[in-house]
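A.B. asks: Give me a 3D structure for the following:
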Amino acid sequence: MRLPSDFLVRMKNMLGAEYDEFIKTYEDERAYGLRFNPLKIDKDRAKEIIEAITLPVPWAEEGFYYNPDMQPGKSPLHEAGAYYIQEPSAMSAAELLEVMPGEIVCDLCAAPGGKSTQIAGKLKGEGLLISNEYYGQRAKILSQNIERMGVRNAIVTNEDTGHMAELFPEFFHKIMVDAPCSGEGMFRKDQIAIDEWSSEQVQVCADRQLMIINNAAAMLKPGGVIVYSTCTFSTEENEGLIQQFLEENTDFVVDKPVCHQKLIQAGFVEKGGMYRLWPHKLKGEGHFAVRLRKIASDDEINYKRKPISGVAGKQELKYFDEFVGKYLNTSFKGQFVMFGDCIYLVPDEMISLKGIKIERAGLKLGCNKKNRFEPDHALALALRPEQARQVTELDNAEKYLKGEMVETEYDSGWTLVTVKGVSLGWGKAQNGMLKNHYPKGLRK
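C.D. replies: Presented below is the predicted three-dimensional model:
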């Protein structure tokens, strides 16, 4: 691996006697991690059904290392959203955010969705998560991962952070800023990051990061928390940027997380309340994170919620209500909103969507067809097996994932298809066979 000479000189100056130990990590095999999805399974069940996992990631509540030879990304459990494959160090930032159920949270630079889905698991379906991504194609991938993980209370937006600041002044309790960076911490796993790196690009990233975190500051309620993180080593994008931000925003202070001691024991290096994750000190790639709190104020904006347009009426919900009564054992908390003939569920905390570029308007429940309701794939992924009246558990999901019909005990009606007790999709029973409703675009 050929590393940029300017990068090597800087790292030698930064690390001194630890430099040789740091450089040696580029010869070592990197660590592989995944997080089980608490919206679908608990830790004991994860250990039971995810064969690839080995040891826990010490700083991440749902994190495990895994054996890459077992290729968990190709398992039906991955398609079912039982877990999210994520680099272990990248799991650290959402832990520092210390999200609580019921909070209103924003992940401002969210694609592909690792931190958003981690936050969603901690919200436990309560409150509101707005996951934003500026680039349209990446926003689509973010939306797909939100759906796969069965998240009910998330809105995916496709906005510039400056426009987000105008739309949501002092709206959020907590904000994640996993800022686009020069990616030095990813050199060990990503040749493209090496090829695109330059000293000039580091400064370009730092300028953009300062703009993004300033926009985040405008969106945060007094007393709220921002976690700023990068996967790079440069001081310009990390400690230097935070120092500049604090000098320009005197209503912010560095805030020590409750999990501080756990992070130190896991190998994090802390200085001035800012954390470095070094690959020669723990099993993971390079990362930086800091938790910032906005000082409480008596001048908090009284946010005037504009009513959401398109709220579904009784007649529009008629066939959906019939479907729920016949096929489900659960109710839905939130507001039902119509987009064309399709019904979405959005959290009660959501404001008007007018003027916002939306990639995913909450949980898509399904669409009204002629005299009937057809459930969406997203609804299947958001359900646990006990919430459906008809469930077909597959010993081998290969045929189903290819779009083929499979056997069932039921003679008719919508049936939730599961693998190892995790929802995978819909089928419609007819005389002991399930007509496959797994989306054509996802079939293997």
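
A.B. asks: so how far is Lys40 from the residue lying closest to Leu277 once chain neighbours are set aside?
C.D. replies: Closest residue to Leu277 apart from its sequence neighbours, by CB to CB, 6 or more residues apart in numbering: His287 at 4.0 Å. For every residue, glycine as well, the C-beta is placed using N, CA and C. In this view, His287 and Lys40 are 26 Å apart by CB to CB, to the nearest Å.

A.B. asks: The two: which is more packed in?
C.D. replies: Neighbour count, other CB atoms under 10 Å: between His287 and Lys40, His287 has more, with 28 against 24.

A.B. asks: Please point out which parts of the top helix by length along the chain sit buried.
C.D. replies: Longest helix of the chain, by residue count under DSSP state H: helix 199-219. Neighbour-count burial for helix 199-219, counted by 16 or more other CB atoms under 10 Å, picks out Val202, Cys205, Ala206, Gln209, Leu210, Ile212, Ile213, Asn215, Ala216, Ala217, Ala218, Met219.

A.B. asks: Including distance to Ile356 and pLDDT, could those residues go into JSON lines?
C.D. replies: Listed next are the buried residues of helix 199-219 as JSON lines, based on distance: CB to CB, whole Å; pLDDT from 0 to 100:
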{"residue": "Val202", "distance to Ile356": "32", "pLDDT": "96"}
{"residue": "Cys205", "distance to Ile356": "26", "pLDDT": "97"}
{"residue": "Ala206", "distance to Ile356": "28", "pLDDT": "97"}
{"residue": "Gln209", "distance to Ile356": "23", "pLDDT": "98"}
{"residue": "Leu210", "distance to Ile356": "24", "pLDDT": "98"}
{"residue": "Ile212", "distance to Ile356": "18", "pLDDT": "98"}
{"residue": "Ile213", "distance to Ile356": "21", "pLDDT": "98"}
{"residue": "Asn215", "distance to Ile356": "15", "pLDDT": "98"}
{"residue": "Ala216", "distance to Ile356": "17", "pLDDT": "98"}
{"residue": "Ala217", "distance to Ile356": "20", "pLDDT": "98"}
{"residue": "Ala218", "distance to Ile356": "16", "pLDDT": "97"}
{"residue": "Met219", "distance to Ile356": "13", "pLDDT": "97"}
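
A.B. asks: Next, give phi and psi for the nearest residue to Gln265 once chain neighbours are set aside.
C.D. replies: Among residues not flanking Gln265 along the chain, Pro58 sits closest, at 7.2 Å (CB to CB, 6+ apart). Taking degrees, to the nearest 10, you get phi -70, psi -20 for the backbone angles of Pro58.

A.B. asks: Settle this for me: Pro58 is touching Ala266, isn't it.
C.D. replies: Yes - here Pro58 reaches Ala266: they are 4.1 Å apart, a contact under CB atoms under 8 Å.

A.B. asks: higher neighbour count, those two?
C.D. replies: Per other CB under 10 Å, whichever of Pro58 and Ala266 has more neighbours is Ala266, with 18 against 15.

A.B. asks: residues touching that one, list them.
C.D. replies: Pro58, Trp59, Leu282 (CB atoms under 8 Å, 6 or more residues apart in numbering).

A.B. asks: what's the closest of the residues you listed to His163?
C.D. replies: Distance to His163, by CB to CB, is smallest for Trp59 among these, at 33.7 Å.

A.B. asks: contacting residues for that closest one?
C.D. replies: Met91, Ser92, Glu95, Cys259, Lys262, Leu263, Ala266, Phe268.

A.B. asks: Where does the spatially most central residue of the chain fall, secondary structure wise?
C.D. replies: With distances taken as CA atoms, centre = their mean, the residue of the chain nearest its centroid is Ser116 (2.2 Å). Per DSSP states H and E, Ser116 falls inside helix 114-123.

A.B. asks: after that helix comes which helix or strand?
C.D. replies: Criterion used, DSSP H and E; the element after helix 114-123 is strand 128-132.

A.B. asks: Stretch 308-325: how far from the chain's middle?
C.D. replies: Stretch 308-325 has its C-alpha centroid displaced from the chain centroid by 29 Å (CA atoms, centre = their mean, to the nearest Å).

A.B. asks: how about the helices of the stretch 1-150 of the chain, start to end?
C.D. replies: Under the criterion DSSP state H, counting those that start in this stretch, the stretch 1-150 of the chain contains helices at 5-15, 19-24, 43-49, 76-79, 92-97, 114-123, 136-148.

A.B. asks: wait, which of those helices is closest to Tyr65?
C.D. replies: helix 43-49 (12.6 Å).

A.B. asks: Now do the contacts for Met186.
C.D. replies: With contact set as CB under 8 Å, 6+ apart, Met186 has these partners: Ala193, Cys231, Glu285, Gly286.

A.B. asks: Strand 128-132 and the longest helix of the chain, what's the angle between them?
C.D. replies: 150 degrees (axes from the mean of the first three to the mean of the last three CA atoms, to 10 degrees).

A.B. asks: which helices and strands sit right next to the following helix or strand past helix 199-219?
C.D. replies: Per DSSP H and E, the first helix or strand lying C-terminal to helix 199-219 is strand 220-230. On a contact count with 3 or more CB pairs under 8 Å, 6 or more residues apart in numbering; DSSP states H and E, strand 220-230 meets helix 92-97, strand 172-178, helix 199-219, strand 287-294.
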